[in-house]
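# For reference, the sequence and a predicted model appear below.
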Amino acid sequence: MARFDRRSFLAGSAALGAGLALLGADDEWAGASLTNGTGRNGISTAKPKRGGSVTFGIDTEEGGFDPTTARWDEGGFLYGRCVFDPLAIVTSTGEVQGYLAESIVPNADYTAWTITLRSGINFHDGTPLNATALHTNIEKQATSILTGPAFASMIKDAVITGPMSVRIDMKSPWVPFPYYLAQAQTGYIAAPSMLAAADGTSNPVGTGPFIFKEWVPNDHFTATANPKYWRKGFPYLDSITFKPIIDPNARVSALKSGTIDMMHTNVPTSLLEFRGDHSYSYYDNSGPVLGEPTVACVMLNTSKPPFNNLKLRQALALASNPVQYAKEIDGGVNAPMYGLFQQGTPYYSKTAYKTNNAKQASKLIKEVEAETGQSVSFTFNSTSSSQVLRGAQYLQQLWGDVGAKMTIAIAAQASLINDALAGTYEATAWRQFGAVDPDLNYVWFSTTTTSPPLALNMARNSDPRIQAALTAGRTTANKAERTKAYQQLNQYLNEDVPYIWADRDTWAVIADPKVQNFANPKTLNGTKAIAFDEGVLWPTQIWVS
């Protein structure tokens with residue numbers, strides 16, 4: 001399914017698989033994950049060896065690297081974490097700690113946040129990271145076509161308050177704002193010289209552990225060790241190269257042949273192939289989540305026929321069977337989903353969402369046909385990926401059995417994303433919503449983001465109850481009240497049925513055992529950070545034996 005990555009928008013995400021991106025995010029997973037055991041789990045306590053290089057096979061290619069304008073997906077964040085650093089980082093227990101920022105402090109009512117930078121950090125071009133550089137980045141984000149709308153909805157002003165500090169004034173309280181400095185594209189800070197350059201997006205300059213060397217689109221991106229990196233002792237590698245290999249089977253073959261040293265994947269057959277194979281190190285994010293997992297679903301355009309009809313949306317949900325889908329399409333790798341949250345995680349609660357009742361689904365289809373005077377038919381957008389197409393064909397048969405005629409339209413992932421943003425679709429294959437904090441998905445559900453020409457609420461479901469829940473979750477610091485707000489959000493979404501849920505998404509990183517410590521990032525005080533999410537890890541601490 002196409003994936004719209006939450007990480008790219010200031011109030012949301014960024015890139016459906018290989019497409020759009022605005023802000024960003026880092027790993028939402030904590031707790032037990034499946035690995036190939038000690039010595040094959042991407043974690044090492046041995047003394048790191050310096051030098052060497054790693055080639056990483058990834059599933060996508062980028063159009064640019066400027067965090068204020070480029071639409072990063074998982075590849076963009078991998079490139080970005082080499083060349084840039086974020087203002088903050090999230091621990092494995094979900095706490096935000098400063099990274100480039102020494103402190104991120106709110107006022108009493110969370111209507112202003114002051115970001116104070118660490119001193120003594122320089123960009124790769126030798127210029128200092130200071131308040132002026134931070135303010136320049138904020139201004140670029142605020143005026144960007146990509147990130148600007150999200151900024152405009154919440155941020156009133158940004159003021160330099162000292163040589164190393166900037167205060168961001170909000171239009172209303174924004175309690176989880178620090179997550180956007182760690183989890184989103186807007187938290188990554190570029191050199192002012194890069195932002196001013198006409199070709200800056202192709203020549204990234206940051207403060208990161210690696211310095212950009214070259215980019216040959218659709219072939220490779222290479223960066224070399226930053227000898228003056230502000231985190232003393234890092235990085236260990238001399239260089240790192242990312243190689244886009246879009247076809248998942250070709251990526252597997254490249255790893256087995258030694259063409260690449262490591263890879264990421266969310267294809268269930270690939271995960272099953274390497275799980276338990278101790279010839280490789282393996283780490284996936286199948287463990288418990290702190291907030292929301294990435295969910296595979298069908299997104300429906302509720303703003304126009306036929307899916308402006310609630311009864312029809314309910315019928316498709318009733319005809320669906322997430323357990324069967326997870327087993328038949330994803331080989332049992334991914335857990336079935338019945339909403340935004342997974343059972344056993346903080347915001348989960350049972351809702352009114354009903355599935356696996358073909359008889360009732362058929363009844364509702366007949367009622368819709370009687371009320372509209374038309375048979376039920378619609379077009380379903382899918383990519384040409386064998387995995388996605390197989391899922392589409394499964395749904396085509398399932399819904400056809402209850403009287404809904406579905407025609408599959410094949411499109412490139414970027415086109416599918418653009419159709420979703422523009423509203424020129426009826427139903428589409430989709431993956432989205434993984435987030436360590438639910439507020440990171442604000443723009444995808446808000447009533448304030450349904451307007452053309454590009455609606456970030458791509459299902460265009462406009463429910464004032466949902467807006468009230470989102471506002472409550474954003475503006476209160478009370479944990480119980482926030483939990484209740486997001487449980488209400490889940491309930492209202494499942495009453496409105498803009499999404500037909502399937503199963504969660506699982507990502508894995510697989511590597512030659514010589515690649516050490518790829519799943520063991522640390523914060524500046526030594527706390528374990530989230531290892532990776534949606535195929536995005538930290539390159540800083542990787543070394544080769």
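Okay, I see it. Numbers count the residues shown, from 1 in each chain.

# list the buried ones in the biggest helix by length in the chain?
Taking DSSP state H as the criterion, the chain has its longest helix at helix 479-496. Within helix 479-496, the residues that count as buried by 16 or more other Cβ atoms under 10 Å are 482-494, 496. All C-beta atoms are positioned from the backbone trio N, CA, C, and that covers glycine.

# I'd like to check the angle between the very next helix or strand once past that helix and helix 479-496, please.
Sequence-wise, the next helix or strand downstream of helix 479-496 (DSSP states H and E) is strand 499-504. Angle of strand 499-504 versus helix 479-496, following axes from the mean of the first three to the mean of the last three Cα atoms, to 10 degrees, is 120 degrees.

# circling back: quick one: which of the buried residues of helix 479-496 is nearest to Q432?
L493 (12.5 Å; Cβ to Cβ).

# Got the confidence number for the closest one?
At L493, the pLDDT value in this model is 98.

# residues contacting it?
G339, L340, F445, N461, I466, Y499 (Cβ atoms under 8 Å, 6 or more residues apart in numbering).

# how much space is there between the fifth one and G208?
When you say that, I think you mean I466. From I466 across to G208, the span is 38 Å (Cβ to Cβ, to the nearest Å).

# who has more neighbours, these two?
G208 (29 against 23; other Cβ atoms under 10 Å).

# element containing R251?
Counting by DSSP H and E, R251 is part of helix 248-257.

# Can you list the helices and strands that the helix or strand encompassing K311 packs against?
Taking DSSP H and E as the definition, K311 sits inside helix 310-319. Secondary-structure packing of helix 310-319 (3 or more Cβ pairs under 8 Å, 6 or more residues apart in numbering; DSSP states H and E): strand 295-300, helix 358-372, helix 386-400, strand 499-504.

# how about these, which one is nearest S451?
So among those, strand 295-300 is nearest, using Cβ to Cβ, at 17.6 Å.

# Near Y282, how many other residues are there?
Other residues close to Y282 by other Cβ under 10 Å number 25.

# Just checking, which helix or strand succeeds the helix holding R251 along the chain?
strand 262-265.

# In the stretch 401-545 of the chain, mark out all the helices, start to finish.
Taking DSSP state H, counting those that start in this stretch to define them, one finds helices in the stretch 401-545 of the chain at 413-422, 442-445, 464-475, 479-496.

# M262 and F56 touch, don't they?
Yes - with contact defined as Cβ atoms under 8 Å, M262 reaches F56; the gap is 5.2 Å.

# Among those two, which residue is more densely surrounded?
The neighbour count for M262 versus F56, taken as other Cβ under 10 Å, is higher for F56 (25 against 22).

# Who does whichever strand or helix holds that one pair with, and is each partner parallel or antiparallel?
Using DSSP H and E, the element containing F56 is strand 53-58. Here strand 53-58 is paired, per DSSP bridges, with strand 239-244 (parallel), strand 262-265 (parallel).

# Could you check the angle the first one makes with helix 248-257?
Taking the same axes, to 10 degrees, one finds strand 239-244 and helix 248-257 inclined to each other by 150 degrees.

# Keeping just the C-alphas, turn strand 239-244 into PDB.
The C-alpha trace of strand 239-244 is given here as PDB (Å, rounded to 0.1, in the frame of the first residue of the first chain):
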ATOM      1  CA  SER A 239      31.700   6.700   5.100                       C
ATOM      2  CA  ILE A 240      28.200   5.500   4.500                       C
ATOM      3  CA  THR A 241      26.400   5.000   1.200                       C
ATOM      4  CA  PHE A 242      22.700   4.500   0.600                       C
ATOM      5  CA  LYS A 243      21.600   2.600  -2.500                       C
ATOM      6  CA  PRO A 244      18.000   2.900  -3.600                       C
END
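
# sorry, back to before: right, so of the strands paired with strand 53-58, which gets closest to Q397?
Here strand 262-265 is closest among those (Cβ to Cβ), at 27.0 Å.

# any residues touching that closest one, and which ones?
Counting by Cβ under 8 Å, 6+ apart, 54-59, 74, 245, 248, 251-252, 254-255, 271, 507-512, 515, 518, 535-537 sit against strand 262-265.

# And the helix or strand following it, how far out from the chain middle?
Sequence order places helix 268-274 as the next helix or strand after strand 262-265, per DSSP H and E. Relative to its chain's centre, helix 268-274 lies at 21 Å (Cα atoms, centre = their mean, to the nearest Å).

# Can you give me the buried ones in helix 268-274?
Those would be P268, S270, L271, E273, F274, for helix 268-274 by 16+ other Cβ under 10 Å.

# Mind giving me the packing neighbours of it?
helix 248-257, strand 508-511.

# coming back round to it: now, which of the buried residues of helix 268-274 sits nearest P86?
L271 (27.8 Å).
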